[in-house]
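> 3D model of this:
(one chain, ligands or ions: 1)
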Amino acid sequence: MNNRIELQHPLAAHHLSILRDIDTPPHLFRSQVQLLAMLLAVEATADLALVDVHVKTPICPMVGKRLLQRVAIVPILRAGLGLVDPIFQLLPGAEVWHLGMYRDEATARPVEYYCKLPVDQPADVGMVLDPMLATGGSIRMAITALKRWGVKDIRVLSVIASEQGIQTLHAEFPDAKVFVAAVDPELNEHKFIVPGLGDAGDRMFNTQRS
Ligand code: PRP
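Okay, here's the model as predicted:
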């Protein structure tokens with residue numbers, strides 16, 4: 001089962017290169033993230049279930065389609081926020097549940113500071129959003145929270161993953177489908193993705209400190 005889906009679209013490669021560029025300013029960085037989120041969402045929703053609905057066009061009645069499943073969009077704060085809008089537009093009936101996490105700078109391990117997922121009536125599909133999958137620790141914590149809620153179909157939408165992070169994640173959660181625009185070869189000594197794009201949250205929200 002191949003649960004690693006890497007975008008092959010030329011638009012993804014084009015917009016990702018702009019995103020990676022150190023000279024790309026925050027406003028352009030944000031719009032590039034949104035474009036890539038849309039491309040990821042198209043791929044990650046390709047097999048969603050449909051049900052027939054009756055539609056009356058101005059010409060005649062017909063049988064159309066409506067999305068059947070309950071989808072939960074789960075951005076990891078902060079940087080995951082940047083992917084929400086385009087996906088919410090494509091899935092206006094989805095639910096959005098925020099997870100707050102930051103990576104401890106000394107240990108590179110995720111620290112959870114906000115989680116109010118419900119405890120019952122799980123969504124049919126959970127989409128975890130985070131532009132970066134470095135060690136995979138943050139997304140691992142998010143998947144664990146979704147599983148605790150009872151979500152069976154978990155999909156991760158990430159702009160860049162490291163090879164190590166994606167392998168570690170799939171060793172623990174082989175069923176989680178991971179959609180990425182690129183898989184980069186390594187992590188540096190600070191557990192940043194190489195070549196990567198730097199700190200996505202800081203670049204997105206203009207909070208970089210030199
Ligand atoms: C970054 C990034 C991911 C996480 C990835 O967040 O946005 O959430 O680190 O690293 P991991 O795969 O090794 O867990 P950061 O801790 O910088 O928080 P922020 O989004 O608030 O800036």
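> doesn't Met127 make contact with Pro151?
If you look again at residue 151, you'll see it is Val, not Pro. No: taking contacts as CB atoms under 8 Å, Val151 lies outside contact range of Met127: 9.8 Å. Using the backbone N, CA and C atoms, a C-beta is placed for each residue, glycine as well.
> Burial check on the residue of the chain found nearest the ligand, number of neighbours?
Here the residue of the chain nearest the ligand is Gly201; by CB to the nearest ligand atom that distance is 2.4 Å. By other CB atoms under 10 Å, 21 other residues sit near Gly201.
> cool, and Cys60?
For Cys60, using other CB under 10 Å, the count is 7.
> low pLDDT regions in this protein?
Scanning the chain for pLDDT under 70 picks out the ranges 1.
> near the ligand, which residues of the chain show up?
With CB under 6 Å from any ligand atom as the criterion, the chain comes near the ligand at residues 76, 78-79, 102-103, 108, 110, 130, 132-138, 165, 191, 199-201.
> are any of those residues buried, and which?
The neighbour count (16 or more other CB atoms under 10 Å) marks 76, 78-79, 103, 110, 130, 132-138, 165, 191, 200-201 as buried among the residues of the chain next to the ligand.
> Just the ones of the residues you listed in strands?
Mapping these onto strands (DSSP state E) picks out 76, 103, 110, 132-133.
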